[in-house]
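Participant: My questions are about this predicted structure, shown below with the sequence.
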Amino acid sequence: MKAIIFGSNGQDGHYLSEWLKHKSIEVISVSRSNSRVIGDVSDFGFVESLIKTHQPAYVFHFAANSTARHDALFENHKAISTGTINVLECVRLHAPSSRVFLSGSALQFQNANSPIDEETPFAATSAYSVARIHSVYASRYYRDTFGMKVYVGYFFNHDSPLRTEKHVNQKITAAVKRIAGGSAEKLELGNINIRKEFNFAGDMVEAVWILVNQDKIFEAVIGSGVAHTIQEWIDYCFTKVGKKWQEHVVINPKFVTEDSTLVCNPRQLKSLGWAPKVSFTELAEMMMAD
């Protein structure tokens, strides 16, 4: 049995690959660089050849630039929008029994600072969310018209030691470790009272696996439904190294975010038997230790 992972170099691709290997599934890892197969999901001919050759039981599409910045407009349109169409059409043509998973995001929903679920309307608030929304409608078209098994998981915030420092949790832990080692740097942050989820990427891909191996629920928010403030994360990490965060953190009011709370209601996913294993403090310990 085989599985293709597009976007295998990211944290989700890494942890899913390890999970699938544990299940004795052969993984074909695909990325634009540094993977088993080098290629671009926006290239139809490449995707077609790969799916036709391997006849995968599963196809997972994670490829994207995980930023909502407008200057990533064309990159994310290619990876998410065009990539989704390429994957779905090639599966329809050459491996129609494959189960396809498409990555979605918390950022594509309207957010009233209350728990988001599958019934929450979409909101095109960024170029990134536009691509994600297009991907979902494409999945519904292929599911409804051709009877394909196409799943969408809307990821809420999740991290791991594999995150880069452009993500705030890793930015904080990396700076704390440097400061603990003698660095005199100041950690510049925006609103640290924002409430969001602190999930572990390894837990999230186990949720993906559960989702794609059943036939009742095809779209689900993926997250714990438990929110903490960024300040709680800062305090825990600095306390661990015996320092007061107030002496090392600078708040920049120009760093603005639209959401004061970003949290899901994962009742559908939990109805399938999934629950996160790694807690807020365990995730912090993991990322501080790496």
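Facilitator: Happy to help now that I have it.
Participant: Can you list phi and psi of the closest residue to residue 124 other than its chain neighbours for me?
Facilitator: Nearest residue to residue 124, sequence neighbours excluded (C-beta to C-beta, 6 or more residues apart in numbering): residue 130, at 4.9 Å. Where C-beta positions appear, they are placed from N, C-alpha and C, glycine not excepted. Note on residue 130: its backbone torsions stand at phi -60, psi -50 [degrees, to the nearest 10].
Participant: for residue 27, same thing?
Facilitator: According to degrees, to the nearest 10, residue 27 has phi -100, psi 130.
Participant: Please verify my assumption that it contacts residue 14.
Facilitator: No: in this structure residue 27 lies outside contact range of residue 14 using C-beta atoms under 8 Å: 10.6 Å.
Participant: Identify the contacts common to the two.
Facilitator: residue 8 (C-beta atoms under 8 Å, 6 or more residues apart in numbering).
Participant: These two: who's more crowded?
Facilitator: Each of residue 27 and residue 14 has its neighbours counted (other C-beta atoms under 10 Å); residue 27 has more, 22 against 19.
Participant: Who are the contact partners of the more buried one?
Facilitator: Contacts of residue 27 by C-beta under 8 Å, 6+ apart are 2-3, 5, 8, 17, 20-21, 36.
Participant: and which of those residues is nearest residue 198?
Facilitator: Closest to residue 198 out of the contacts of residue 27 is residue 17 (23.0 Å), distances taken as C-beta to C-beta.
Participant: residues touching the closest one, list them.
Facilitator: 5, 8, 27, 29.
Participant: How far off centre is whichever strand or helix holds the first one?
Facilitator: It stands for residue 5. Here residue 5 sits within strand 2-6, counting by DSSP states H and E. Relative to its chain's centre, strand 2-6 lies at 16 Å (C-alpha atoms, centre = their mean, to the nearest Å).
Participant: quick one: the helix or strand just after that strand to strand 2-6, angle?
Facilitator: Sequence-wise, the next helix or strand downstream of strand 2-6 (DSSP H and E) is helix 11-22. Between helix 11-22 and strand 2-6, the angle comes out at 170 degrees (axes from the mean of the first three to the mean of the last three C-alpha atoms, to 10 degrees).
Participant: least trustworthy helix or strand in this protein by mean pLDDT?
Facilitator: Confidence across the helices and strands of the chain bottoms out at helix 73-76, with a mean of 86, counting by mean pLDDT, DSSP states H and E.
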